[in-house]
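[1] pasting the sequence and the predicted model now:
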Amino acid sequence: MRQFLWAEIITGAEMHRRMSVQYGDSVVSQQIAYEWNERLRNGCTSIKNEEGDGRPSMSITDANTQQVFGMILQNRWVTIDEVAHKLQISRGSAYEIIHNRLAICRVFS
C-alpha cells in the first residue's frame, strides 16, 4: 500500500492519514511514514530493511561469546535474559551468541 500511495506523489502526512484510515490503531507513527516516503522518493523499491542495513552489531564479539560460554558452563539453567542483562547487550544479541555462535539449543528465555 505504501508504494502505491507514494506513486501518487503525496506527502508523508497524507500517506500517514490514509494509512490511519486503513489500519486504525495499528498504523505506524507519522515519523515512520515520513521516513518511508523519503526512502521511496530516493529510489528504494522496498521499505523493508535490507540485510546488513544499519550499524554493525558491536556486542556480538569473541570476548562476549567467551563470557557467555563461561556463564553457561557455570549455570546450565542461565536464561537469555540473564545473559543479556549481565553483559549489558540486547536480548537479540544474546540469542545470536548462544544459538548461532555457540550452537547451544537448550537455553531458556
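    Structure received. Numbering: from 1, shown residues only.
[2] got the domain boundaries for this structure?
    2-41, 62-101 (automatic domain parsing).
[3] need the contact list for the residue of the chain most remote from its centre.
    When distances to the mean C-alpha position of the chain are computed (C-alpha atoms, centre = their mean), the maximum falls on residue 74, with 30.1 Å. For residue 74, no residue meets the contact criterion (C-beta atoms under 8 Å, 6 or more residues apart in numbering). Quick note: C-beta positions are derived from backbone N, CA and C, even for glycine.
[4] roughly how far apart are it and residue 65?
    Look at residue 74 and residue 65: by C-beta to C-beta, to the nearest Å, they are 15 Å apart.
[5] what number of residues lie near residue 12?
    Residue 12: 20 surrounding residues under other C-beta atoms under 10 Å.
[6] go on, residue 81?
    If we define neighbours as other C-beta under 10 Å, then residue 81 has 12 of them.
[7] isn't there a strand covering it?
    No: secondary structure of residue 81 (DSSP: H, G, I helix; E, B strand; the rest coil): helix, not part of a strand.
[8] distance of it relative to residue 98?
    Using C-beta to C-beta, residue 81 is found at 11 Å from residue 98.
[9] then residue 10?
    Applying C-beta to C-beta to residue 10 and residue 98 gives a distance of 45 Å.
[10] more neighbours: which of those two?
    residue 98 (24 against 14).
[11] for the more buried one, which residues are in contact?
    Residue 98 makes contacts with 68, 72, 80, 83, 104, 107, as judged by C-beta under 8 Å, 6+ apart.
[12] ok, these vs residue 21, which is closest?
    In terms of C-beta to C-beta, no member of the contacts of residue 98 lies closer to residue 21 than residue 80, at 39.3 Å.
[13] look up how far residue 58 lies from the closest one.
    Relative to residue 58, and taking C-beta to C-beta, residue 80 is found at 19 Å.
[14] can you pick out the residue with more neighbours from those two?
    Using other C-beta under 10 Å, the more surrounded residue of residue 80 and residue 58 is residue 80, with 19 against 9.
[15] does that one touch residue 90 like I think?
    No: using C-beta atoms under 8 Å as the test, residue 80 is too far from residue 90 to be in contact (10.3 Å).
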